[in-house]
Structures are given as structure tokens and as C-alpha cells.
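S.K.: Requesting a structural model of the entry that follows:
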Amino acid sequence: MPQTNFLTSGAGLSLLGNSRSFNLLANIESWEEGGSSKEENTGRFMVLLLLKVVLDHLFLTMCLHRLHTSFMGVCSLSVILADAVLAFSVAAVWFLGPTRSPVTVCFLLVHASQMFNMLPLPVLVLGLLDYAFETRYFACRSAPCKALWSCTLTLLLWVLAAVRSWASAVTGLIEVEYEGGRTILGCMVQDSALVQHFCMGVVAAITCVLLLHYRHLNPWLKEANRLLNEWQKPPLYLSMTLGFGTMWASYLLICISSELLGLRIPAYISVNVLWFECTNSLLVGLVFWVKSVWLGTFTDLPDDICQWQDYWHLSRGPIRNFRKQPKTVFGLSGKDRKPLHV
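M.R.: Numbers count the residues shown, from 1 in each chain. This is a model prediction of the structure:
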């Protein structure tokens, strides 16, 4: 069993006993017995966070034009900004060194993990409310007012997360001595259990829906690509499941694979723009499915990832084949748009 010692500055901490007392241990520095083979890992944390920033900006170039149109989009922008600030801060600490830097890497990683860990649940709830009750949720329906409301709400979430993290985070260094003489100096960081449970729950739901209709999946997928009418129409909920699953299967499989393999990922890595956009696609799909029953198809969905309209036509067929053709194309909020001419 490894032996754990806490090295703190500030409020004192009692010995917690063993390495199972913390959530995850961020390995800041390690060495062998006698001080040989010393390794300092701040540079590796910096590279990891910079890779996340690169991923964020690759996504940003594809979806920037619509991120300001919804609460989920504004949250994605805020995460991209927070990732850049965290990566820059860790790089500054690495460049200045522990003697000249006003804060430590542990301080940054601990607070970042706690703040990112607090975001998913309120974002899920508020994002669903934003899409489901949009016409009543905002006192002003104009785009500038909606963007301002989304920015204010997002800023409030970050402030509450920062306040709670500042009140509860333990940023002291932890020294763990293993049998064999190896010692690790690190700090407690949190993973995001909700992200893992979300991904596993979504995969389980998709699997159950697809198993109910597995005999017809191949022709329906071909139909979705060609938009023909010669096949039996699948139910709308199955079309929505196919639309979501085909686009996000890779990301979801990676998430549940890391969980099944026991690879626990800190919240400042797992709570990323991909999770926000996957959640956004799920919420948009759910509301699209429910509202399309009485409003018809849409042209201005706040999601550029999933081809919801193609999969809607897979179940409902082209609009010109309807007995009751909608005279107007509706937005997600039910607001009238320009007439659709087919």
C-alpha cells in the first residue's frame, strides 16, 4: 500500500491514510529513492492542455457562425475561452518556474477540475429549458436580447462554480510513497462522473432503440442517404436516433471505452467542447422530435452536426407528399419563417 503525506501551506490537513482518499492524483513531480531519476511533469500538462485548445479552435472554425444563437452555443464558447486561459496559465507557470510564479500548477489544476466538474448538470437542465420553452423562457425574443441572456446565464454559472471551488478546493501538495522507493508529488483533482454516466446512458438508449429495429436498419440508412420513398418508413424516434448515433458514435464509444478500461480522466479534460456539442445535438434532437409532431420540419436548428432534416424526411417523406402541407416553415421556437416552396 502506498503511504500518503500532505504538504500544505495555509490551513492544516489531517493524514487521510492512503491513496484511495483522493479522487485523482495529478502527478506533478516524481523521483526514485535517494532523489535519482527525478521527473517534472508541468510541461506535459501544458502540452495536453494546448492540444485541447487546438481541438477547440478546429471546432470553432466550423461552427462559429451559430454558437451565439443558443445557450448551449454560448456555453461552448465559454469552455473554449476557459481552456485557452488554463493552458496559458499553466504555460506561464512552466516558463516562470516554481520560484517566480505567484501560483502553482496544483492551484490551477485543482480549481479547474472542480469548476469544470460543476458545469455539466446545470448546463443540461438549462439547455433543455432553453430549447423546450424558448418562446416563454425569454422575456425578449430578439436575437441580441437572447444572446445577452445566454451570456449572462453562462457567466453566472462560471462565477458560482468559481466561488464554490474557492471555498472547498484543497490545493496542497500530496506526497505518495510507493513500495520500491518511488515517490510522487501531486495534487487532488476531480473527474466528471456525470459526463461518463451521460455517455454510457446515451449509448445504452441508442443500443436499445436500434435492437428493436435491427432488421430494417440497413435499408433505412440507405434511404437516409438517398431520400427515396420505396422503403417502409421507420418511426420518427428511430430516425432521430439514427441521425444522432451515426454522427456521435465515435465520441461516445471513446468515452465509454475509457470508463470500461478504468481510465479516469480529469474534469478539465473530459468536460470539453465535444461533450457540449454532443449534448447540444441530443437536446436539439429531442425537442425537434417532440415539436415536429405538430410544427413540421425546421430550417434554423441550432445544430450543425446532425442532419436532422434528412432523417425527419426518412420517416415523414418529402413535404410535397403530405396531404396537409405546412404553409410555413417553423423555427425551433415555433416562430414563423418565410414560406417554403417545394
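S.K.: now the strands for the stretch 151-300 of the chain?
M.R.: Listed in chain order, the strands of the stretch 151-300 of the chain (DSSP state E, counting those that start in this stretch) span 173-177, 183-189.
S.K.: so which of those strands is the most packed in?
M.R.: Among these, the stretch with the highest mean neighbour count (mean count of other CB atoms under 10 Å) is strand 183-189, at a mean of 22. From N, CA and C alone the C-beta is placed, and that goes for glycine too.
S.K.: Please name every helix or strand in contact with that one.
M.R.: strand 24-31, helix 105-118, strand 173-177 (3 or more CB pairs under 8 Å, 6 or more residues apart in numbering; DSSP states H and E).
S.K.: residues making contact with that strand?
M.R.: For strand 183-189, the surrounding residues in contact (CB atoms under 8 Å, 6 or more residues apart in numbering) are 7, 22-33, 106, 109-110, 113, 170-178, 266-268.
S.K.: hang on, residue 191 packs against residue 266?
M.R.: Yes: Residue 191 is within contact range of residue 266, at 5.8 Å (criterion: CB atoms under 8 Å).
S.K.: Need the overlap of contacts for those two.
M.R.: What both residue 191 and residue 266 touch, as defined by CB under 8 Å, 6+ apart, is the set 24, 113.
S.K.: Mind putting the strands of the stretch 151-300 of the chain into a markdown table with distance to residue 244?
M.R.: Below are these laid out as a markdown table (distance: least, CB to CB, whole Å):
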| stretch | distance to residue 244 |
| --- | --- |
| strand 173-177 | 41 |
| strand 183-189 | 31 |
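S.K.: can you redo these as JSON lines with distance to residue 291 and mean pLDDT?
M.R.: Below are the strands of the stretch 151-300 of the chain laid out as JSON lines (distance: least, CB to CB, whole Å; pLDDT from 0 to 100):
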{"stretch": "strand 173-177", "distance to residue 291": "50", "mean pLDDT": "84"}
{"stretch": "strand 183-189", "distance to residue 291": "40", "mean pLDDT": "87"}
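S.K.: Residue 307: which of the ones you listed is closest?
M.R.: strand 183-189 (37.6 Å; CB to CB).
S.K.: Pairing partners for that closest one, with directions?
M.R.: In the sheet, strand 183-189 lines up against strand 24-31 (antiparallel), strand 173-177 (antiparallel) (DSSP bridges).
S.K.: Just the helices from the stretch 51-200 of the chain, written as ranges.
M.R.: 71-96, 105-118, 120-132, 134-137, 143-168, 193-212 (DSSP state H, counting those that start in this stretch).
S.K.: picking up where we left off before, just the buried ones among the contacts of strand 183-189, please.
M.R.: Burial by neighbour count, 16 or more other CB atoms under 10 Å: within those this picks out 22-26, 28-31, 106, 109-110, 113, 170-174, 176, 266-268.
S.K.: Please report how far residue 238 lies from residue 205.
M.R.: Counting by CB to CB, to the nearest Å, the separation of residue 238 from residue 205 is 12 Å.
S.K.: So between those two, which is more surrounded?
M.R.: More neighbours surround residue 238 than the other of residue 238 and residue 205, with 20 against 14 (other CB atoms under 10 Å).
S.K.: Can you check the pLDDT for that one?
M.R.: Here, the pLDDT recorded for residue 238 equals 81.
S.K.: Also the one 3 residues further on?
M.R.: With respect to pLDDT, residue 241 has a value of 86.
S.K.: Counting neighbours, what do you get for the residue nearest to it when sequence neighbours are not counted?
M.R.: Leaving aside its sequence neighbours, residue 241 sits nearest to residue 209 (CB to CB, 6 or more residues apart in numbering; 4.6 Å). Neighbourhood size, residue 209 [other CB under 10 Å]: 17.
S.K.: doesn't residue 236 make contact with residue 209?
M.R.: No: contact between residue 209 and residue 236 fails when scored by CB under 8 Å: they sit 11.7 Å apart.
S.K.: who touches the residue nearest the centre of the chain in this structure?
M.R.: In the chain, the centroid-proximal residue (CA atoms, centre = their mean) is residue 275; its distance is 2.2 Å. Counting by CB under 8 Å, 6+ apart, residue 275 makes contact with 120, 195, 198.
S.K.: who's in contact with the closest residue to the second one other than its chain neighbours?
M.R.: Looking back up the chat, that one is residue 195. Excluding the flanking residues, the one nearest residue 195 by CB to CB, 6+ apart is residue 270, at 4.9 Å. By CB under 8 Å, 6+ apart, residue 270 lies in contact with 116, 191, 192, 195, 196, 255.
S.K.: Distance check, the second one against residue 162.
M.R.: Spatial separation of residue 191 from residue 162 under the definition CB to CB is 19 Å.
S.K.: Which one's more surrounded, the two?
M.R.: residue 191 (22 against 14).
S.K.: and the helix or strand hosting residue 44, what does it pack onto?
M.R.: Element membership of residue 44, judged by DSSP states H and E, is helix 42-63. If you count contacts as 3+ CB pairs under 8 Å, 6+ apart, helix 42-63 packs onto helix 71-96, helix 105-118, helix 267-270, helix 273-295.
S.K.: and the ones you listed, which one's lowest on average pLDDT?
M.R.: With a mean of 82, helix 273-295 has the lowest mean pLDDT of the helices and strands packed on helix 42-63.
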